[in-house]
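Enquirer: this one's structure only:
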């Protein structure tokens, strides 16, 4: 069994999977007569030609840890962003896009802990675990794609692959 080391979420470490949405250390410009800082273009919403961008709220409960990672999902036609509304940390488990097949190399799976002030934008096709809230009833603003086609592929690891996430 391999226990995934939970890494701090940084822009650089998460770059192969998407964007970290945060204001810390980011450029901004002033708007609204100088009363507001605009941290511009912190992530790119990716949509295929048939999709529309939609905004949702997901309410999630805590999963049981240590958590066996049995599956990951991806959205081939658009990106998906998660921004915590209640300011709580949450976990992420991801794997790169790969060669486009419905296959994941277990050695490429990584785990991150997002701070209470960070959100993420998974790029199109990036494999990720469903939301991993650390508090029951936590809510996330989700920017997603709506439109024709199946925009959610799921991959289930063979029983011989045993990946686990443990809280510190």
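Expert: It's in. As the structure is a computational prediction, the values presented were derived from the model and not from experiment.
Enquirer: state the distance from the residue of the chain most remote from its centre to residue 21.
Expert: Distance from the centre of the chain peaks at residue 33, with 34.1 Å (Cα atoms, centre = their mean). Residue 33 is 25 Å from residue 21, where distance means Cβ to Cβ, to the nearest Å. In this view, the C-beta of every residue, glycine as well, is placed from N, C-alpha and C.
Enquirer: ok, back up a step: could you look up the SS state of the residue farthest from the centre of the chain?
Expert: coil (DSSP: H, G, I helix; E, B strand; the rest coil).
Enquirer: which residues touch the nearest residue to residue 163 once chain neighbours are set aside?
Expert: Spatial nearest neighbour of residue 163, excluding adjacent residues (Cβ to Cβ, 6 or more residues apart in numbering): residue 69 at 4.0 Å. Neighbouring residues of residue 69 by Cβ atoms under 8 Å, 6 or more residues apart in numbering: 4, 93, 109, 129, 157, 163, 164, 165.
Enquirer: phi, psi for residue 69 please.
Expert: When read as degrees, to the nearest 10, the backbone of residue 69 gives phi -90, psi 100.
Enquirer: give me the pLDDT for it.
Expert: Model confidence at residue 69, given as pLDDT, is 97.
Enquirer: now residue 106: phi and psi?
Expert: Taking degrees, to the nearest 10 as the convention, residue 106 sits at phi -60, psi -30.
Enquirer: repeat that for the one 4 residues further on.
Expert: Summarising the backbone geometry of residue 110 under the convention degrees, to the nearest 10, its torsions are phi -130, psi 160.
Enquirer: who touches it in this structure?
Expert: 4, 7, 17, 93, 94, 95.
Enquirer: apply 6 Å and report the result again.
Expert: By Cβ atoms under 6 Å, 6 or more residues apart in numbering, the contact list for residue 110 reads residue 94.
Enquirer: can you check residue 7 too?
Expert: 13, 112.
Enquirer: burial count for the closest residue to residue 61 other than its chain neighbours?
Expert: Nearest non-adjacent residue to residue 61, counting by Cβ to Cβ, 6+ apart: residue 136, 4.6 Å away. Per other Cβ atoms under 10 Å, the neighbour tally for residue 136 reads 9.
Enquirer: what secondary structure does residue 136 sit in?
Expert: coil.
Enquirer: quick check: residue 92 vs residue 49, distance?
Expert: Note on residue 92: its distance to residue 49, by Cβ to Cβ, is 28 Å.
Enquirer: I'm done for today, thanks for sticking with me.
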